[in-house]
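>>> Show me how the following folds:
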Amino acid sequence: MFLKQVILKNFKSFKGKNIIDFPAVITGIVGPNGSGKSNIVDAIRWALGEQSFKNIRIDKGQDLIYAGNSNEGGASFCEVELIFDNQKKLFNSDFTEISILRRIDKEGNNEYFINHKAARLKDIIDLTASAKIGLKGFSIINQGSVENVLLAPPQERRLMLEEVLGLKNLELKKEEAKRKLEEANINLDKTIALEKEILPRLRFLKRQVDRWEKRETLENELKEKEKIYFISLLDQLLSEEKYQPQDFINLRNKLSKLDSLIKERENNLITVKENKSKDLELKIKNITQEIINLQDEKSELLRELGRKETKAEVDYSLIDFKNAIIKIKNVLTNLLKINEISEIHKKIEELLKDINQLLIPKKEEINNNEIEELKKKINSLQEQLKEKNNLLEQNETVLNQSNINFREEYDKITQLRNQKEEILKLIQKQELEKERYNLKLNDLKRRINEAGYQFDEINEYYQKNKTQVLAPNELNELERHIFRLTRELAEMGVRDENVIKEYEEVNTRYEFLSHQIEDLEKSINDLKLLIKTLTKEIENSFNEAISNINYDFNRYFRLMFNGGSAKLEQIKKNKTVLEEGENKAEVKEESQNLNDVYWGVEIKIDIPKTNLKSLEILSGGEKTLVAIALLFAIINQSRPPLVIVDEIDVALDEDNSRRFAQILKELCHDTQFIAITHNRMIMAAAQILYGVTLKDNSSQLLSIKLEGSEAILK
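Sure, this is the predicted structure:
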């Protein structure tokens, strides 16, 4: 059995706990009118989630709670529990037994439970829909349902059929997809609005950030250009540098050696000059003085000889002698001024020639002793002069040689001094070059520091990137480029980290919204596709089911009316007309996907031997027969696990009651029936009967186990 048990606690007229077992495929519930037997149907309907008070015959929810009688008070709550066998997995659940329980208290608090765990109404509806039992279909059929199936509008009749055919679950998925689609569209509109709201601010911030991102690019480019510029200057400076630190050491060593050598030679030169030259000069001076003295003496002797000879030679020309004396005087005077011995000798020889010429007498020379004696003395003096002159010449030669040696030594000292001067000039030049280099280097370091770098950093970059060094003629263009970059950076202003942070936050928010829009658009497309797929699946299943139902509907109709025909006919209606208030743009879009149609179901009949072809003009009994034929056709097609019929057989005559009972027996192979009835034929078809009586305003159950219709008929 599918429905195994119904447990009532203080429900309507049932006081306390009442357990109703359903061990048979057809169970009958009988009792007089007003006994409360239909309350059992209301209990099942309510436990399955019924929300309409009218359908369970109450004014408010608390009316379901047992109200009490004159002897005892009412209950504080009521509950109904339905226990189902799920071994065939008719419910979408792994449990082999399913319990559905609903409770309400005096405060009107409703609670739902599945297997005694709290659940939602939606969970109940989804669960029962998977098993083809529900409230809008034909799982529970009463006299009102019989009339409703005939009088319901085509679209409502379609919903009833979908539920009993097991399409309700698909419809619920479709409705859920529609709800999600609507929510997604609303969320999409909100998200797009938020995106549009922050977009102007984002664009403004992005322009600022782009400028600063460009600033970063320019700063990086400036740094690169500055580094190349500085390493080019450094390379140029190093290329101009000629000195080496070790040269100063070598040069100063050479200079020290030269100083020592010059000092040594100068000391030697001074010693030689002071000792040897001084003696020679003194000796030459003395010899010279001796020569002068001898010459003076000789001159005096010559004068004396002249006087003597003059006396002897009266013809001696006075004028020539006078003139000769003057000449001699002049020569002797000039001799005193001459330092060179050779020149003195030469002049003396000329003077002697002149004197000899004067002494030659014009007439025969008179030889007397005085003259001869004078001549001897003069000759002696002449010999002494010759010796002195030779000695003087020898000493002068020695002195001259000494002077030559002195000059040579002095020249060597001069050469050494010149070498020293050259070295000093070279050192001075090197020092000037070093000073100039240091000035340029310090200036370069200053410029490097002012640009925000360390010299060691630039030097390290230079060692690694020597290939990027520019030629001097290329530096001017690089300087102009660096100036342009610096000016652009100055015009951009200072980077504001707060603006950067705000941009990142707004951009993150914008990207989140953009992704959300993409996700929502994808979700909308997926939902539309799902709705389209479910609609197609429902339509295909519904069309196939209608074809099969029509076969049984026509068969049961002919059985009930002894002929005629009946069928269900699908009709097309424009969905925008049927669903007022819906979003027309959405309906139009969806309708285009569904070929702009909305399906409903009409009932077409043809009663034999009459012209009755409209449901509206049928009698109550005829309507019941049509409805029963249709309901059994639907049940035979859909094979629901449970059908509850509540006194729908009231208007049947004996023959139709027998037919009704026979059809129940045919269908009970796949469907469990619970029948609320007064009809003896229906009672006879049941395997078990429950009797319901009313005592002290409380319904009481009586189980009547009967085997076959014979017991009822007796």
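>>> didn't K15 look like it was pressed against K695?
No: K15 lies out of contact with K695 (CB atoms under 8 Å); the separation is 10.1 Å. Where you see a C-beta, it was placed from the backbone N, CA and C, and this is true even at glycine.
>>> Who has more neighbours out of these two?
K15 (22 against 9; other CB atoms under 10 Å).
>>> Name the SS class of the more buried one, please.
strand (DSSP: H, G, I helix; E, B strand; the rest coil).
>>> OK, contacts around the closest residue to it other than its chain neighbours?
Nearest residue to K15 in three dimensions, chain neighbours excluded: S698, at 4.4 Å (CB to CB, 6 or more residues apart in numbering). By CB atoms under 8 Å, 6 or more residues apart in numbering, the contact set of S698 is 13-15, 66, 69.
>>> any idea how far N39 is from S698?
To N39, S698 is 11 Å away according to CB to CB, to the nearest Å.
>>> Please apply the same query to I538.
Taking CB to CB, one finds I538 at 35 Å from N39.
>>> so after whichever strand or helix holds E505, what's the next helix or strand?
Using DSSP states H and E, E505 falls within helix 497-561. Next in sequence after helix 497-561, counting helices and strands by DSSP H and E, comes strand 565-573.
>>> angle of that next one against helix 497-561?
Angle between the axes of strand 565-573 and helix 497-561 is 160 degrees (criterion: axes from the mean of the first three to the mean of the last three CA atoms, to 10 degrees).
>>> Paired strands for strand 565-573, with orientation please.
strand 598-606 (antiparallel) (DSSP bridges).
>>> So for the strand it pairs with, what gets flagged as buried?
598-601, 603, 605-606 (16 or more other CB atoms under 10 Å).
>>> Between the residues you listed, which sits nearest K132?
Nearest to K132 among the buried residues of strand 598-606 is V601, at 18.0 Å by CB to CB.
>>> Wait, the closest one touches N543, no?
No: assessed by CB under 8 Å, V601 is found out of contact with N543, at 11.1 Å.
>>> okay, and the common contacts of those two?
Q570.
>>> quick one on the thing from earlier: got JSON lines for the contacts of S698, with distance to I29 too?
Below are the contacts of S698 laid out as JSON lines (distance: CB to CB, whole Å):
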{"residue": "S13", "distance to I29": "14"}
{"residue": "F14", "distance to I29": "13"}
{"residue": "K15", "distance to I29": "18"}
{"residue": "Y66", "distance to I29": "19"}
{"residue": "N69", "distance to I29": "23"}
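>>> May I ask which two of these are separated the most?
F14 and N69 (12.8 Å).
>>> quick one: which of these two has more around it?
F14 (23 against 13).
>>> which residue ranges form the strands in the stretch 51-200 of the chain?
For the stretch 51-200 of the chain, the strands defined by DSSP state E, counting those that start in this stretch occupy 77-85, 97-105, 110-114, 117-119, 140-142.
>>> Could you list the low-confidence segments of the stretch 251-400 of the chain?
Counting by pLDDT under 70, the stretch 251-400 of the chain contains low-confidence residues at 269-278, 309-322, 358-366, 368.
>>> Would you map the helices across it?
For the stretch 251-400 of the chain, helices defined by DSSP state H, counting those that start in this stretch occupy the ranges 278-312, 318-335, 341-359, 369-450.
>>> I'd like these written out as JSON lines, with mean neighbour count and distance to S638 added.
JSON lines is the format used below for the helices of the stretch 251-400 of the chain (neighbours: other CB atoms under 10 Å; distance: least, CB to CB, whole Å):
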{"stretch": "helix 278-312", "mean neighbour count": "17", "distance to S638": "159"}
{"stretch": "helix 318-335", "mean neighbour count": "13", "distance to S638": "173"}
{"stretch": "helix 341-359", "mean neighbour count": "15", "distance to S638": "168"}
{"stretch": "helix 369-450", "mean neighbour count": "15", "distance to S638": "93"}
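>>> So which of these is nearest A490?
helix 369-450 (15.2 Å).
>>> Contacts for the helix or strand that the closest one is followed by next, please.
Counting by DSSP H and E, the element after helix 369-450 in chain order, helix or strand, is helix 455-464. The contact list for helix 455-464 (CB under 8 Å, 6+ apart) reads 227, 230-231, 234-235, 444-445, 448-449, 469.
>>> Could you export helix 455-464 as PDB, CA atoms only?
Output of helix 455-464 as PDB, limited to C-alpha atoms (Å, rounded to 0.1, in the frame of the first residue of the first chain):
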ATOM      1  CA  PHE A 455      77.400  57.400  -6.900                       C
ATOM      2  CA  ASP A 456      78.100  53.800  -6.100                       C
ATOM      3  CA  GLU A 457      74.700  52.900  -7.700                       C
ATOM      4  CA  ILE A 458      75.600  54.700 -10.900                       C
ATOM      5  CA  ASN A 459      79.100  53.300 -10.900                       C
ATOM      6  CA  GLU A 460      77.700  49.800 -10.500                       C
ATOM      7  CA  TYR A 461      75.200  50.400 -13.300                       C
ATOM      8  CA  TYR A 462      78.100  51.700 -15.400                       C
ATOM      9  CA  GLN A 463      80.100  48.500 -14.900                       C
ATOM     10  CA  LYS A 464      77.200  46.400 -16.100                       C
END
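>>> Give the rounded mean pLDDT of that helix.
Helix 455-464 shows a mean pLDDT of 90.
>>> ok, then the element right after it?
helix 475-492.
>>> Residues contacting that next one, please?
For helix 475-492, contacts defined as CB under 8 Å, 6+ apart pick out 211-212, 214-215, 218-219, 221-222, 225-226, 228-229, 232-233, 470.
>>> Between all of those residues, which two are at the greatest distance?
So, the contacts of helix 475-492 by CB to CB: farthest apart are R211 and L233, at 31.3 Å.
>>> So for those two, which residue has more residues nearby?
Using other CB under 10 Å, the more surrounded residue of R211 and L233 is L233, with 22 against 15.
>>> Test my guess that the more buried one contacts R446.
No: under the criterion of CB under 8 Å, L233 makes no contact with R446, lying 12.0 Å away.
>>> hang on, the earlier thing: what is in contact with S698 and N39 at once?
By CB under 8 Å, 6+ apart, the residues touching both S698 and N39 are 13-14.
>>> In strands, which of the contacts of helix 475-492 appear?
If you go by DSSP state E, the contacts of helix 475-492 have nothing in strands.
>>> Give me the buried subset of those.
Applying 16+ other CB under 10 Å to these flags 212, 215, 218, 222, 225-226, 228-229, 232-233, 470 as buried.
>>> with those in mind, which one is nearest to G73?
W212 (81.0 Å).
>>> what about that closest one, distance to M492?
From W212 to M492 the distance is 7 Å (CB to CB).
>>> do the same with K695
98 Å.
>>> And D696, by the same measure?
96 Å.
>>> neighbour count winner among these two?
Taking other CB under 10 Å, D696 and M492 do not tie; M492 has more neighbours (15 against 11).
>>> Of all the strands of the stretch 51-200 of the chain, which one is nearest Q415?
Nearest to Q415, of the strands of the stretch 51-200 of the chain and by CB to CB, is strand 117-119 at 122.9 Å.
>>> Give me the buried positions along that closest one.
A119.
>>> packing partners for that strand?
strand 110-114 (3 or more CB pairs under 8 Å, 6 or more residues apart in numbering; DSSP states H and E).
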